[in-house]
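Trainee: fold the following.
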Amino acid sequence: MLYNEREEIICQQLQIQSTMTIQDLSDLLNVSIDTVRRDLKNMDKKGLLKYVRGGARTNDSFVGNFERREVINSLLKREACRKAIKLIKKGDIIALNSGTTNTILAQEIVASKEDIVVVTNNIMATNILMQSDKIKVIFIGGEVDNLECSTYGKNCENEFMQYYPDICFLSINAINYKNGYTDFRISEKAIIQLLAQQSKQVVAVMDSTKLGKCSKYKVLDLEEVDYLIMDNEVKDEVKEKYFRKGIIIE
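Mentor: Residues are numbered from 1 along each chain as shown. Modelled structure (predicted):
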């Protein structure tokens, strides 16, 4: 991977997670710690980030509400996203809702996919997808949620209703046997439900720390999701328990 490619990935990751360690970036980029350290020093000189002991943080002049949020388990999310993109075929129309997992998924799509259409209300994902001239991006307007860096509301829902995606990838906050899929974002509830109704295939992409948890609002029943894609930290016996409940964890 060339320096310019590493620089772009580091900048994208710091948009999602305001701080990153050198070790995490080394694992993400599959390069040595010394290489990451040199990259960060060069990027600091260019004003793209702040190089600090043990890692890097977002340049304060570029930090907004979304970037200030603590984003945890980003490497687990990326592991799940790399599984998820294998479901995408050339010519597909896919939908992404808001959330940091789908922002990471957008990075993986840009890195590996082409000749697809992406419909989304996720502003950060849109900015990333626009970097590819081989992906058609349709941004869904509406009221702006500054914290989530996304759109929502009736106008947003009405625009989404014009599309019937081959796959929707849903970033959701929690899942358990009893409560199904739950989320803390009341403004996102209707969008998640709409995409699940409109799409041929419904895929929830979540890191494994959300398994067995319950958030504030019920968004989907278990049977409304075709596949639950997580990172590799889910043990086989846990997958088997969920499978007996009709939930396929990939």
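Trainee: from Leu29, how far out is the closest residue to Gly55 other than its chain neighbours?
Mentor: Nearest-residue entry for Gly55: Thr21, 4.1 Å, with adjacent residues in sequence omitted and distances by C-beta to C-beta, 6 or more residues apart in numbering. The C-beta positions use only the backbone N, C-alpha and C, and glycine is treated the same way. Distance, Thr21 to Leu29, using C-beta to C-beta, to the nearest Å: 13 Å.
Trainee: ok, the two, which is more surrounded?
Mentor: Between Thr21 and Leu29, counted using other C-beta atoms under 10 Å, the more crowded position is Leu29 (17 against 14).
Trainee: need the contact list for that one.
Mentor: Listed by C-beta atoms under 8 Å, 6 or more residues apart in numbering, the contact partners of Leu29 are 1, 6, 9-10, 35-36.
Trainee: Gly54 too?
Mentor: Counting by C-beta under 8 Å, 6+ apart, Gly54 touches 21-22.
Trainee: got phi/psi on it?
Mentor: Torsion angles at Gly54 (phi, psi; degrees, to the nearest 10) stand at phi 90, psi 0.
Trainee: any chance you could map the helices in this structure?
Mentor: For the chain, the helices defined by DSSP state H cover 3-16, 22-29, 33-45, 65-68, 74-84, 100-112, 123-129, 154-160, 186-198, 236-244.
Trainee: tell me which of those helices sits nearest to Ser208.
Mentor: Of all the helices of the chain, it is helix 74-84 that lies closest to Ser208, at 6.3 Å by C-beta to C-beta.
Trainee: does Lys200 touch Ala95 like I think?
Mentor: No - Lys200 lies out of contact with Ala95 (C-beta atoms under 8 Å); the separation is 10.6 Å.
Trainee: now do the shared contacts for these two.
Mentor: Common neighbours of Lys200 and Ala95 (C-beta under 8 Å, 6+ apart) are 165, 167.
Trainee: compare these two (neighbour count), which wins?
Mentor: Ala95 (29 against 12).
Trainee: may I have the residues that are in contact with that one?
Mentor: 118-120, 160, 163, 165, 167-169, 195, 198-199.
Trainee: wait, the residue nearest to Gly55 sits on Val52?
Mentor: No - applying C-beta under 8 Å, one finds Thr21 not in contact with Val52, separated by 9.9 Å.
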